[in-house]
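Visitor: Need a 3D model of the sequence below.
(chains A and B, ligands or ions: 2)
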Amino acid sequence: MEPRDVFLHVRGEAVFVDDALLPAEHLFAAIRTSHVAHGHVRSLDIAPAMAVPGIYEVFTARDIPGENQVGKTILDEPLLAESEVHFVGQPLAIVVGESAEAARRAARAIQVEIDPLPAIYDVRQAFAEGSLIAPPRTFSSGDVESAWEQCSVVVSGTVESGSQEHVYMETQSAFALPTDRGGVKVVSATQSPSMVQLVVARILGLPMHEVEVEVPRLGGGFGGKEDQATHWAAMAALAAWRLKKPVKLVLTRHEDMTMTGKRHPYLSDYKLGLDAEGHMLAYEVTFYQNGGAVADLSPAILERSLFHATNAYAIPHVKAVGISCRTHLPPNTAFRGFGGPQALFVLECAIFKAAEALGVEPREIQKRNLLQDGDAFPYGARVERCRQRRCWDVAEQKYNLQAGLKEVRQYNGRNAWRKKGLALMPICFGISFTSTFLNQAGAFVNVYVDGSVGISTSAVEMGQGVNAKIQEVAARIFSIRPERIKLETTSTSRIANMPPTAASTGADLNGHATRLACLDIVERLKDAAARCLGKNAPHEIEIRDEAVYASGEATELTWEKLVNLAYFDRVSLCAQAHCATPDIFFDRDTNKGNPFAYYAYGTALVEASLDCLRGTCSIDAVRVVHDFGRSLHPLVDLGQMEGGIVQGVGWMLLEEVMHDADGRLLTDTLATYKIPDIHSIPGEIQVHFLEDAENPPGIFQSKTVGEPPFLYGIGAYFALLQAMKAFRPDAHIPFSSPMTPEKVLLALYPGDRPV
Amino acid sequence: MKRIIQLTINDKEYEVAVEPNQTLTDMLRYELGLTGTKKGCEVGDCGSCTVIMDGIPVNSCLVLAMQANGRKITTIEGLETEKGMHPIQKAFVEKGAIQCGFCTPGMILSSKSLLDKNPNPTEEEIRAGISGNLCRCTGYQKIVDAVKSVGK
Ligand code: FES
Ligand code: FES
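Guide: Ligands and ions are numbered 1, 2, ... in the order given. This is a model prediction of the structure:
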């Protein structure tokens, strides 16, 4: 966020969607959902709801004037279920009342009868029954089949990774206001304003220009508001449009947890072959993705799993298959890392097992196979400016790996019931949307006559600091104080056809667009200055630190004076610019191409302590060397790093999503679903910014941060495994995340073997 | 049936008509427009709604408005005086303890209440002091740094 926003936050003045002051006569909406995972809706009686005092209206699928469809690429998701339901928590009806309580009471009063049908929750069963969201995809390189023969060691097995609830602290929320033209304005906590606009227009049967979507800021998103903020916005819009009154819809935490999808659980089969020196020669992996009931973003997320199947390593023979399974769970969706973490976890498990087979440490295999310039990914792209090995080496030296290992050994020798483990986690993450067309963004820059600047972009601020970075870009191009620059809310009326703020692309795409727009204005200002000063060519003019120089000499012009002068000279002080990432492409028929603008690299050392009696694990330290390019905003980047690591550790060790046998979410409050609190975070997080790390495709040579830090969390799992092995070298440890204390104890003390 | 309660909020006297089942959070937000008090769960799990009541930090979603009758409440809006922001507010800004900002008001009030009682808390005491507040963005490091910096 821009610095001014920070002050609003500490004063409690920052307005989130639910904080906005609405006209006094506004109404509240609540949702009635399905209590059955799969079934035929036999009847839906809204009469009891209408009888609740204070209720205005109940809307069902029949009341949708346009198309009852919120799907994105695959159109398989109704806003309100019609004759069938496909997951517990699927919306059936919207109730609108004079208070949120009344609306909720009435929603509960609706009589719904559903005849249950058989439901599938398991991916293997879904696959066996052909219940797929899209046809399987295969990325391959080399010739896996014939490569196995060259391997000295081949390991194989299965890896399970769990789901993860986003727990953005601000729940899903939106309000909508009818416009005098018969359109609607929606204020939504979404990462995808244009997607909300498109869907609202589709639901209401309106042209998109009659729907304005505005986003003030988000109280966290993490991907959970990329596709799944749309529904609530569309429901508020439908109600407001039909009733011609403002309507607000804010989910409670419980509703949010039960109605929205989460990170995809994966079940993966792997086979990894190495030569005697530990070179990985062949890798075969099949990802079974639990997509939930509708497509949402599942195919795109699965595609990123395929892109990142080999993480930071060069493996010549690869076959990676992705299968997106349709089940009767809420639609799983984007979450920081977008399928990358699941893929990385599988390969690290395979390496762990291969290390046992070869009688070496996993880190030896990891190090031997790190990417370097000239290596190619299975999808054909070659690595350039690769800093994988450099990050690893710096991490080894800077954090004194050998000493650390020795300490761990000594500690483990001294302690019978407490063990430590140390693991390394190299990461490589491609930056760009893997759907090439999404890699575009717009910026609109206004310079006002007093020298202040307002900037609108496609970016949504959700705490990731994108606005602070954009402000920095504009301040550098104009060479003025950042305080002069304001970042506006995100609005579809100012920027059309925005990509979601996702895939860690926000700062790059919008930063570049802002840079281009500012450069336009600077050109015009220089022309104006040259005309005014009379004796210089525009290229001899320079604006530096709020002052204007001609041929290196100070002039009487300041930024303010120059702006004012340009205005009276009838020069346009607004500019719009569009940025499209150059040189990226991907062919989905051959699964080859160069889909990423660049890659983020880094390595983490993770140290874990295990209490072998209780099964509890604490992460003592996460020490990272990361390639930030030339960081545009070190404090913001550091914050992203720390927050991402903690989320990643949460996914690996702590956060467990559970359903009952009928597809009902059991972990449906923050009391039963635990995200890291202050007691469960690493004792120490150290971050070293890799030096000499220019990144030409990034904005001002920087690299974006966003998602990659999450991947370091995976190291926590293997640090814990190391500690478990130190306690019980023969332990059979399943590759199954999260590795909760319960699972730790089951592995350390299998029933048939007393301690 | 609504009942009138009297209470002091941020050193100002209020008389508010409240429903018997209305929470203090909802009263602050929707009756008085003090929307700096956030709702993250409404069942006492997250600390977003923290306010200080008679010197003690409470989850205002677990307090009925009527229970606040006659009490003295400090919300995030009441921290700044004519002399400027409270040092803990400044520290959150300077140390980068804010990302999305949603947990910030609650975090600041828990921290303030800790610092009021214990001006030089140890790291352990800081952790205990904000253990009822969840933050999904920052990983807590910078929040602990901020509280520490005021302590010193
Ligand atoms: S809203 Fe009160 S503790 Fe979460
Ligand atoms: S800053 Fe977002 S929840 Fe704490």
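Visitor: Can you name every helix or strand that the lengthiest helix in chain B contacts?
Guide: The helix that spans the most residues within chain B, counting by DSSP state H, is helix B:104-117. Under the contact definition 3 or more CB pairs under 8 Å, 6 or more residues apart in numbering or on different chains; DSSP states H and E, helix B:104-117 sits against helix A:3-11, strand B:50-53, strand B:56-59, helix B:87-94, helix B:123-129, helix B:141-151. Just so you know, the C-beta spots here come from the backbone N, C-alpha and C atoms, and that holds for glycine as well.
Visitor: let's see 6 Å
Guide: strand B:50-53, strand B:56-59, helix B:87-94, helix B:141-151 (3 or more CB pairs under 6 Å, 6 or more residues apart in numbering or on different chains; DSSP states H and E).
Visitor: May I ask which helix or strand encompasses residue A:422?
Guide: strand A:418-431 (DSSP states H and E).
Visitor: Please list the outside residues in contact with that strand.
Guide: A:307, A:311-312, A:340, A:363, A:392, A:404, A:408, A:411-412, A:504, A:596-611, A:704, A:708, A:711-712, A:714-715, A:718-719, A:722-723, A:726-727 (CB atoms under 6 Å, 6 or more residues apart in numbering or on different chains).
Visitor: so what strands line up beside that strand?
Guide: Sheet pairing of strand A:418-431 (DSSP bridges) gives strand A:598-611 (antiparallel).
Visitor: Quick one: residues contacting the residue in chain B positioned nearest to chain A.
Guide: Closest contact between chain B and chain A, by CB to the nearest CB, is at residue B:36 (1.9 Å). Taking CB under 6 Å, 6+ apart, we find residue B:36 in contact with A:12, B:75, B:76, B:77, B:105.
Visitor: Identify the farthest-apart pair in those residues.
Guide: Within the contacts of residue B:36, B:77 and B:105 form the most distant pair, 8.6 Å apart (CB to CB).
Visitor: quick one: which of those two has more around it?
Guide: Set residue B:77 next to residue B:105 and count neighbours by other CB atoms under 10 Å in any protein chain shown: residue B:105 wins out with 31 against 19.
Visitor: re the thing from before, which residues does the next helix or strand after the strand holding residue A:422 contact?
Guide: Using DSSP H and E, the next helix or strand after strand A:418-431 towards the C-terminus is strand A:440-447. Here strand A:440-447 makes contact (CB under 6 Å, 6+ apart) with A:453-458, A:494-495, A:509-510, A:513-514, A:517-518, A:521, A:563, A:573-580.
Visitor: go with 7 Å
Guide: Strand A:440-447 is contacted from outside by A:453-458, A:474, A:494-495, A:498-499, A:509-510, A:513-514, A:517-518, A:521, A:563, A:573-580, using CB atoms under 7 Å, 6 or more residues apart in numbering or on different chains.
Visitor: So which of those belong to helices?
Guide: When DSSP H is applied, those are split such that A:474, A:509, A:510, A:513, A:514, A:517, A:518, A:521, A:563 fall in helices.
Visitor: Format the residues you listed as a markdown table; extra columns: neighbour count.
Guide: What follows is the ones in helices among the contacts of strand A:440-447, written out as a markdown table (neighbours: other CB atoms under 10 Å in any protein chain shown):
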| residue | neighbour count |
| --- | --- |
| A:474 | 26 |
| A:509 | 32 |
| A:510 | 32 |
| A:513 | 29 |
| A:514 | 33 |
| A:517 | 26 |
| A:518 | 24 |
| A:521 | 24 |
| A:563 | 24 |
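Visitor: Could you dump those into CSV with pLDDT added?
Guide: As requested, those are exported to CSV (pLDDT from 0 to 100):
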residue, pLDDT
A:474, 98
A:509, 96
A:510, 97
A:513, 98
A:514, 98
A:517, 98
A:518, 98
A:521, 98
A:563, 98
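Visitor: ok, stretch A:7-27 near chain B or not?
Guide: Yes: judged by CB under 7 Å from any CB of the partner chain, stretch A:7-27 and chain B are in contact via A:7, A:9, A:10, A:11, A:12, A:13, A:14, A:16, A:19.
Visitor: can you put those residues in TSV and add neighbour count?
Guide: Converted to TSV, those look like this (neighbours: other CB under 10 Å):
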residue	neighbour count
A:7	18
A:9	27
A:10	28
A:11	19
A:12	25
A:13	16
A:14	26
A:16	21
A:19	21
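Visitor: Would you tell me which one of those residues comes nearest to residue A:661?
Guide: Distances from residue A:661 to the residues of stretch A:7-27 next to chain B, taken by CB to CB, are shortest for residue A:16, at 37.4 Å.
Visitor: Can you name the residues that contact that closest one?
Guide: A:170, A:216, A:217, A:219, B:102.
Visitor: separation between it and ligand 1?
Guide: Using CB to the nearest ligand atom, to the nearest Å, one gets 13 Å for the distance from residue A:16 to ligand 1.
Visitor: next one: residue B:51
Guide: Distance of residue B:51 to ligand 1, given as CB to the nearest ligand atom: 10 Å.
Visitor: and what of residue B:129?
Guide: For residue B:129, the distance to ligand 1 - CB to the nearest ligand atom - is 16 Å.
Visitor: now swap in residue B:72 and tell me
Guide: For residue B:72 relative to ligand 1 (CB to the nearest ligand atom), the value is 20 Å.
Visitor: Was I right to think that residue contacts residue B:10?
Guide: No: look at residue B:72 against residue B:10 with CB atoms under 7 Å: they stay out of range, at 9.4 Å.
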